[in-house]
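> Here is my input; please provide its structure:
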Amino acid sequence: MKEILITALIGIIIGAIDVLPMIKMKLDKYSIISAFVFYFILPFIIVNIDFYDFVWWLKGGVVGFMLALPIIIMVAKDDKTSVPPMLIMSTVLGMIISAIQYFFM
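Prediction:
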């Protein structure tokens, strides 16, 4: 139970890190909610996946990148300038989630 609560807390914090700039830029509320839900769920996947003996920090980055690809492809149709920040954020935040798991869980 403790691990689930910690993972949910990580998801809330990581989601807030990603969403705060979106709120500041006054983006669509559905985009903001979608991003928050993505980053809330991402730690549950990263923490519970055994990813072919990848190094701990690489696991989160790769999983975050791969899970963000469908969303990024949909966004790229309308706004190509958002693609690089989305790729970077999904990879970096995934790596941060892995680091938190490695050092604190």
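> For this structure, give me the ranges with low pLDDT.
Screening the chain residue by residue with the criterion pLDDT under 70, one finds no matching range.
> For it, just list every one of the helices.
In chain order, the chain shows helices spanning 2-24, 29-48, 56-78, 83-104, with DSSP state H as the criterion.
> Format these as JSON lines; extra columns: mean neighbour count.
(Glycine included, C-beta is placed from N, CA and C.) Formatted as JSON lines, the helices of the chain follow (neighbours: other CB atoms under 10 Å):
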{"stretch": "helix 2-24", "mean neighbour count": "15"}
{"stretch": "helix 29-48", "mean neighbour count": "18"}
{"stretch": "helix 56-78", "mean neighbour count": "16"}
{"stretch": "helix 83-104", "mean neighbour count": "17"}
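> Quick check: the residue nearest the centre of the chain vs residue 80, distance?
Nearest residue to the geometric centre of the chain (CA atoms, centre = their mean): residue 39, 4.0 Å. With distances taken as CB to CB, to the nearest Å, residue 39 is found 22 Å from residue 80.
> Please report how far the closest residue to residue 37 other than its chain neighbours lies from residue 4.
Leaving aside its sequence neighbours, residue 37 sits nearest to residue 15 (CB to CB, 6 or more residues apart in numbering; 7.7 Å). As judged by CB to CB, residue 15 and residue 4 stand 16 Å apart.
> Also residue 32?
Plainly put, residue 32 is 25 Å away from residue 4 if you go by CB to CB.
> cool, and residue 18?
Taking CB to CB as the measure, residue 18 and residue 4 are separated by 21 Å.
> now residue 75
With distances defined as CB to CB, the gap from residue 75 to residue 4 amounts to 30 Å.
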